[in-house]
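S.K.: Dropping the sequence and predicted coords here.
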Amino acid sequence: MLITCPYCGPRDVIEFTYQGDGNRERPQPASQDLDAWNAYVYDRLNPAGDHNEIWQHSGGCRAHLRVVRNTLTHEILSTAFARGGHKSAGHKAGGHQ
Amino acid sequence: MSPRRTETGGRIDRLRTIRFTFDGARYTGHAGDTLASALLANGVTLFGRSFKYHRPRGLLAAGVEEPNALVTVLRGEVREPNIPATMVEIYDGLVAVSQNRSPSLAWDIGALNQLGGKLLSAGFYYKTFMGPVIGPLKGTRFWMFCEHFIRRAAGLGRAGTAPDTSRYERMNAFCDVLVVGSGPAGLMAAKAAADQGARVILAELEAKFGGSANWSGETIDGASAADWAARIVGQLEGNDNVRLLPRTTVWGYYDGNTLAALERVTDHKEVPAKGEPRQRYWAIRAKTVVLATGSFERPLVFPGNDRPGVMLAHAAERYANEYGVLPGERIALFTNNDSAYRSAVTLKKAGAAVVAIVDVRSDVSNEMSRLASQAEAELLAGHAVVATEGGKAQTGLNVRRFELMSGALSGDERSIHADCLLMSGGWSPTIHLASQAGARAIWNPARQAFLPPQPTQRWIGAGAFTGSFSTAEAIAEGRAAGIQAAGGSASSAPLPVVEAVPGEPDPAPVFEIKAKGKSFVDFQHDVTAEDVRLAHREGFVSVEHLKRYTTLGMATDQGKNSNVPGLAIMAEALGKPIPEVGTTRFRPPYTAVSIGSLAAERFGDLKPDRLTPMHDWHIDNGATMFAAGLWYRPMIYGLAGETVEQAYVREAAATRESAGIVDVSTLGKIAVQGPDAAEFLDRVYTNMFSTLTVGKARYGLMLREDGLAFDDGTTWRLGEQDFLMTTTTANAGKVMQHLEYFLDVIWPELKVTVTSVTDEWAGAAIGGPKARAILAACVKGTAVDNAALPFMGIVHGEIAGVPVMICRLSFSGEMAFEVYSGAGYGMRVWEALIEAGKPFGLVAYGLEALGTMRIEKGHVTGAEIDGRTTARDLHLDWMLSKKKPFIGSAMMDREGLIAPDRLELVGLIALDNRALDGGGHIVEELDAENPHDSIGHITACCYSPALGKYIALALVKGGKGRHGTRAFVSDPLRNRFGPVEIVSNHFYDPDGSRMHG
């Protein structure tokens, strides 16, 4: 599996660390809404298909990426910096190289 | 001259003689021989004993698919079992032995199993090891006992116990086009892609490139196919954009067009060159893959088809043409297709007598009849072989008339005298890699074979792999695939011209001749046609069940010969066409892969180590080192004759008496810098850091998002916007990732950078009543008295001319200081401290003494912060700020995390004055026979020189409420039972008067 890091280009998956479901929303730090915290800490989507994920390029530039990956084929559909939450400003990966 | 070596011919170097041994006997062969061809040339016909029945077995094949002739290769004490003799290149001094026989290959006591053949049929293990349901042997225990002997009798080679001293390597490679297989199709593909300027890797699992060109006897562009192949390889060698990998098996096809390959770098050498690894694991990322993996000839299934002397037709052709070896003197052939006729002609030319060609088809083309006459062979069309004769070598065979449509046999048996029978049951494309890449193969009724599916990844097939069995087709498809893979446009240039023996590719749909006797489908696992039918009768109708019940295709060869015949027999039993029965998917690896090659540099001398700047000093001063992750840390500095316990007790006692010094360079160190650094730390730690003044340090605790304790350490404020965070050694990486995640993903608005500086700083912790005096003796540029350097204060100064940063903090409970310097000067500062400490009785201490003193103080480490404990469990709730939210604050007060019956940190004192062990359970009532009702467990233990007792830290239900009560340690694994007293975790100097001084 290759992930195209916007800084470093297409790199092998062993350089990356999976940092979980990218759909989670962290409640405001002072929030006492336990249900919201519970959902954030424990609930994970587990789709058979396209999945929004956070990956860290831990063996490279160490940036966190928002990656859309097909869980059935491992095809990487898009990658973008996770910073700033630009969920839609997707850098298109160059196919499934 | 060897008995079976031809006078001339072959691609071996007859001028070079190579000496080797097999089962202790000395043999010679020539450079270019495999162990199989060399032994065959020496007249050896018996190569192994079969898996279950210990039947004598000879060579079936000439390549990687060989199921019978498995050998063990010995290199000194290291043994590698189950290698096909066909894949072992001989070298001077090669020592190989046969397998699964006792006492010798020729006289094998296990052959008695043949008499009990009926008992060992399909499902034998499953049926037998259920065990009797009544009677004195009820249950499975007795059968478990028998299993030991039965498993020993059935089997392959024996693994060695000596450590493998070989070196292995891992390589990453990238290319535009990876060509797998170097027969005519693969060579053309590689050449065409290289000519387009693509970066090409050509991988060939054998030693020589060329595949079938090396033995087909065909002519390409006016030269022998073998010479043509050598010429193309020569052209590729001169190309900068081509990497040739001989002896390299591509064994796995993974997603993203990532392929795994194993290169056998020095297995064929007597002595590897300096630095050469034994094997190299290649991870290849290819933009496009050309699969030119060829095909396997299938055996026919008939009684006695496993007798030594029965061989695949093309294998014999290969032995004759490539190695100059005749597998027999009087050769018969048995076929359902045209390809065997070429084999007959080849063997005739090479000097053998071809006595008969037995063809199941009554209707044989004129061209084939002509080839039979050319081979001077009697053509028995519409016949089948029903038996073979002989013992450890074949003497003859019997044939009867055969009706193609019904499979019926008729007429009298006729016996033919022959010492070798060659069979051809058609050809199966080698589709393993395509199957691994994710799609299902498609049955082609004309070819009677599974052909590769539509690609699900970026690969292109060429040659016999696609079911195009002729060399002319292979050349055309290979070139087209190479051009396409490299992104070029189709070429109209003329193709190399092939002159080949004629023949149609489609076989007759005959897989088995049903006659009396054992007919083998899977040679390596001794599965017969009758076993397949038995499985069907017993209800195993799915191909996956068939495979598991009979173990068909589950031996080391993974059914390379047997999958299709086995499936065909199953289909017939079910009365269904083959495609409806299905085929199993192939999984990696294609052939056996050594564990060493997968471990590669992660093991042995290439494994990375992390050494502190003072490492050499520790070694020179007698430290016993302890591996902590990649780090090496001193465990004890033992004196002659000291036990570990004596050493750490001495070190800890001396520290509390005068002073001790310990290397703390391995602690994780993270620079946290920026305008929002203090705010960030307030969010990350449970306690406040924004209130910390510059030049002071504070102990901090981090929680995880779920409210459980994560890590602890001190953080030093070096400037308004400049903090140095320390973490535990083990969690340094995890904490760094944790901080980066929050800065990058959750709080991008915070202006903070975090930098790992673990390797930039060397650290020495010096503690004890004399510690301050020692520092005062060697530190320049700053005072170290209570006013200048109060508890948790930080000063800057110099030791031995080296700038240092000193923080007064204590893990040991003594008056203590951590002295940090640039890593490059760590040794100099350390030696200066040691020198300054000499008059004061300073000792160096290791991890054991460090642990002892922290247990005495009741400090927590990773043993207590184990991912299950909360701050409250560890009595660190005083650190939970109520003035601010922090990571974990919302979740830490959940019901389950504040329940009264949680495990809490306590101290234990052994009342029987014996050592305690980590992991031992604590119980209220001692019952060694039936241990029950654990109320907690021990996390850390030691002999405390300060208390003169064996003590421990433990996590126990009820915690503080049990202080002063008695309980028991119950540790049945180590047979340690005895009374303990539960006390506070602060055993020693609970009010901290020693460290505050």
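M.R.: Ah, there it is.

S.K.: Excluding chain neighbours, what is closest to the residue of the stretch 201-350 of chain B found nearest chain A?
M.R.: Scanning the stretch 201-350 of chain B for the residue nearest chain A gives residue B:255, at 4.1 Å (criterion: CB to the nearest CB). Placement of C-beta: from N, CA and C, glycine included. The shortest distance from residue B:255 to any non-neighbouring residue, by CB to CB, 6 or more residues apart in numbering or on different chains, is to residue A:74 (4.1 Å).

S.K.: Any residues of chain B in contact with chain A? List them.
M.R.: B:172, B:255-258, B:283, B:285, B:287, B:683, B:705-706, B:737, B:740-741, B:744-746, B:748, B:885-886, B:889-891, B:894 (CB under 8 Å from any CB of the partner chain).

S.K.: Just give me the neighbour total for the residue of the stretch 201-350 of chain B closest to chain A.
M.R.: Counted with other CB atoms under 10 Å in any protein chain shown, residues neighbouring residue B:255 total 16.

S.K.: pLDDT value on the residue nearest to residue B:255, please?
M.R.: On pLDDT, residue A:74 comes in at 88.

S.K.: Would you agree it is in contact with residue A:1?
M.R.: Yes: the pair residue A:74 and residue A:1 qualifies as a contact (CB atoms under 8 Å) at a distance of 4.9 Å.

S.K.: what is in contact with those two at once?
M.R.: Counting by CB atoms under 8 Å, 6 or more residues apart in numbering or on different chains, the contacts common to residue A:74 and residue A:1 are B:255-256.

S.K.: The residue nearest to residue B:255 belongs to a helix?
M.R.: No: Residue A:74: not assigned to a helix; according to DSSP: H, G, I helix; E, B strand; the rest coil it is coil.

S.K.: Can you give me the neighbour number for it?
M.R.: By the criterion of other CB under 10 Å, residue A:74 has 15 neighbours.

S.K.: do residue B:895 as well
M.R.: Residue B:895: 7 neighbours (other CB under 10 Å).

S.K.: Let me see the confidence value for it.
M.R.: Predicted confidence (pLDDT) for residue B:895: 94.

S.K.: Please point out which parts of stretch B:87-107 sit buried.
M.R.: The neighbour-count check on stretch B:87-107 (16 or more other CB atoms under 10 Å in any protein chain shown) flags B:87-91, B:94, B:96-101, B:105 as buried.

S.K.: Now pLDDT too, for those, in TSV please.
M.R.: Output for these, formatted as TSV (pLDDT from 0 to 100):
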residue	pLDDT
B:87	97
B:88	98
B:89	98
B:90	98
B:91	98
B:94	97
B:96	97
B:97	95
B:98	93
B:99	89
B:100	79
B:101	79
B:105	78
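
S.K.: Switch these over to CSV, and while doing so, append secondary structure to every line.
M.R.: Output for these, formatted as CSV (three-state DSSP):
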residue, secondary structure
B:87, helix
B:88, coil
B:89, strand
B:90, coil
B:91, coil
B:94, strand
B:96, strand
B:97, strand
B:98, coil
B:99, coil
B:100, coil
B:101, coil
B:105, coil
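
S.K.: are any of the residues of chain B next to chain A buried, and which?
M.R.: B:255-258, B:283, B:285, B:287, B:683, B:705-706, B:737, B:740-741, B:744-746, B:885-886, B:889-891.

S.K.: Isn't the residue of the stretch 201-350 of chain B closest to chain A up against residue A:71?
M.R.: No: when contacts are counted by CB under 8 Å, residue B:255 is not listed as touching residue A:71 (11.4 Å).

S.K.: Residue 17: what's it in contact with?
M.R.: Since you didn't name a chain, this refers to chain A. By CB under 8 Å, 6+ apart, the contact set of residue A:17 is A:55-56, A:58, B:737.

S.K.: wait, chain B
M.R.: So residue B:17 contacts B:28-30 (CB under 8 Å, 6+ apart).

S.K.: for the residue of the stretch 201-350 of chain B closest to chain A, phi and psi?
M.R.: Torsion angles at residue B:255 (phi, psi; degrees, to the nearest 10) stand at phi -70, psi 160.

S.K.: ok, now which ones touch it?
M.R.: By CB under 8 Å, 6+ apart, the neighbours of residue B:255 are A:1, A:73-74, B:438, B:457.

S.K.: can you redo those residues as CSV with distance to residue B:398?
M.R.: Compiled in CSV, the contacts of residue B:255 are given as follows (distance: CB to CB, whole Å):
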residue, distance to residue B:398
A:1, 57
A:73, 54
A:74, 55
B:438, 46
B:457, 49
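
S.K.: Most neighbours of all those residues, which one?
M.R.: Neighbour count (other CB under 10 Å) singles out residue B:457 as the most crowded of those, with 22 neighbours.

S.K.: so what's that one closest to, chain neighbours aside?
M.R.: Excluding the flanking residues, the one nearest residue B:457 by CB to CB, 6+ apart is residue B:437, at 4.7 Å.

S.K.: Next one: that neighbour from residue B:260, what distance?
M.R.: Look at residue B:437 and residue B:260: by CB to CB, to the nearest Å, they are 12 Å apart.
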